[in-house]
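Asker: my questions concern the predicted model and sequence given below.
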Amino acid sequence: MSGRDLRLRRLHRHGPRLLVAPLDHPMAMGPLLPRARDLDDLVAGLARGGADAVVLHKGAVGRVDPRHWGDLALVVHLNGSTPMAGEPDEKYLVCSVEEALRAGADMVSVHVNVGARTEARQLQDLADVAADCDRWGVPLMAMAYPRGPLVADPYDPTLVQHAVTVAAELGADVVKTVQVADPADLRAITASCPVPVIVAGGAPRERDADLVADVEAALAAGAGGVALGRCLFQSDDPARTTRAVARLVHRPSPWAVTQEVDHDRPQAVLA
């Protein structure tokens, strides 16, 4: 069994479907929370609620009590950008796979905007990171979105499917992308991709019940789990909201009742 296999098993220790909490927003949005030290409390609440993993930038990892990683997998995000540069679709590397491993990463992630003015460099960055992941035995999640000056509709299922395909072709183990409106389109996207597909959760809901209903609909449409950022960290009670979603996500799927997780079998994931 390779290091990559071991890390994927740790990520899936609760079963084939995932609840992942992306917390990589501060580079693009500013402070995630009113006080930096609140990050540790947030991660602790996500762990208590039953999340499988969180996504952090390398500097944020040091602000989290290492004991939490006994209950959570760590995904270190390797690139980013700020809106102050005037190029909203730009992404550039700010961390290496080796740095992420030293921080304790179980997986790394890279954001790529297919259709951006700098698409060529972003795709090369993804390919280079994929090569480093192969070298070090680390799973790679690509956040692939159709965004750029010629992209009229970033939720167009055909464009989303193309972005997902590009990420998989360049070596991603998991692909995160936008949520499309029609469940039939989501089924088509995940069915056509040889690796798990994660769709973004979007803005917070007013009630946990609304979020749970949306998650259930996504799972019914073929998603293999959820990864929610703002819906959790902007919740009045992140642990409670996480727990409500985790009960649904970790409920055995029909095929998982009698079958263990096959890490070579693609599983679609909602993010």
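Answerer: The structure has been received and is ready for your questions. Residues are numbered from 1 along each chain as shown.
Asker: now do the SS call for L74.
Answerer: strand (DSSP: H, G, I helix; E, B strand; the rest coil).
Asker: okay, helices next: where are they in the chain?
Answerer: Secondary structure of the chain (DSSP state H): helices at 3-11, 26-29, 38-49, 58-61, 97-102, 119-136, 157-169, 183-192, 208-220, 230-233, 238-249.
Asker: and the first one, what other elements does it pack with?
Answerer: So the one you mean is helix 3-11. strand 73-77 (3 or more CB pairs under 8 Å, 6 or more residues apart in numbering; DSSP states H and E). For glycine as for every other residue, the C-beta is placed from the backbone atoms N, C-alpha and C.
Asker: how does it look with 6 Å?
Answerer: Of the remaining helices and strands, none touches helix 3-11 by 3 or more CB pairs under 6 Å, 6 or more residues apart in numbering; DSSP states H and E.
Asker: mean pLDDT for the helices of the chain - can I get that in CSV?
Answerer: Shown next, in CSV, are these (pLDDT from 0 to 100):
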stretch, mean pLDDT
helix 3-11, 93
helix 26-29, 92
helix 38-49, 96
helix 58-61, 96
helix 97-102, 98
helix 119-136, 98
helix 157-169, 97
helix 183-192, 91
helix 208-220, 85
helix 230-233, 93
helix 238-249, 93
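Asker: so which of those comes closest to D71?
Answerer: helix 38-49 (4.2 Å; CB to CB).
Asker: buried set for that closest one?
Answerer: Of the residues in helix 38-49, 39, 42-47, 49 count as buried by neighbour count, 16 or more other CB atoms under 10 Å.
Asker: with stretch 26-37 instead?
Answerer: Applying a neighbour-count criterion of 16+ other CB under 10 Å, one finds 26, 32 buried in stretch 26-37.
Asker: go ahead and name everything in contact with that stretch.
Answerer: By CB atoms under 6 Å, 6 or more residues apart in numbering, the residues outside stretch 26-37 that reach it are 25, 80, 82.
Asker: which residues does L18 bridge with?
Answerer: With DSSP bridges applied, the residues forming beta bridges to L18 are G225.
Asker: for G148, which non-adjacent residue is spatially closest?
Answerer: Nearest residue to G148 in three dimensions, chain neighbours excluded: G115, at 3.1 Å (CB to CB, 6 or more residues apart in numbering).
Asker: stretch 78-90: end-to-end distance?
Answerer: Terminal residues of stretch 78-90 lie 14 Å apart, using CA to CA, to the nearest Å.
Asker: who touches it?
Answerer: Stretch 78-90 is contacted from outside by 27, 91-95, 108, 110-111, 113, 116, 118, 147-148, using CB under 6 Å, 6+ apart.
Asker: now swap in stretch 166-175 and tell me
Answerer: 114, 126-127, 130, 139-142, 144, 164, 193-197.
Asker: any of those buried? List them.
Answerer: Those of these that meet the buried threshold are 114, 126, 130, 139-142, 144, 164, 193, 195-197, by 16+ other CB under 10 Å.
Asker: hmm, back to that, what's the closest of the contacts of stretch 26-37 to W69?
Answerer: W69 lies nearest to H25 out of the contacts of stretch 26-37, by CB to CB, at 20.4 Å.
Asker: what does the closest residue to the closest one other than its chain neighbours show for phi and psi?
Answerer: In this structure, H25 finds its nearest non-sequential neighbour in L32, 5.8 Å apart by CB to CB, 6+ apart. Torsion angles at L32 (phi, psi; degrees, to the nearest 10) stand at phi -70, psi -40.
Asker: thinking again about what came up before, looking at the contacts of stretch 166-175, spot the one nearest G224.
Answerer: Among these, and counting by CB to CB, the member closest to G224 is P196, at 6.2 Å.
Asker: gap between A60 and D236?
Answerer: To D236, A60 is 22 Å away according to CB to CB, to the nearest Å.
Asker: okay, these two: which has more neighbours?
Answerer: A60 (21 against 8; other CB atoms under 10 Å).
Asker: and the more buried one, how far from V94?
Answerer: 12 Å.
Asker: on that earlier part again, out of the contacts of stretch 78-90, which end up buried?
Answerer: Applying 16+ other CB under 10 Å to the contacts of stretch 78-90 flags 91, 95, 108, 110-111, 113, 116, 118, 147-148 as buried.
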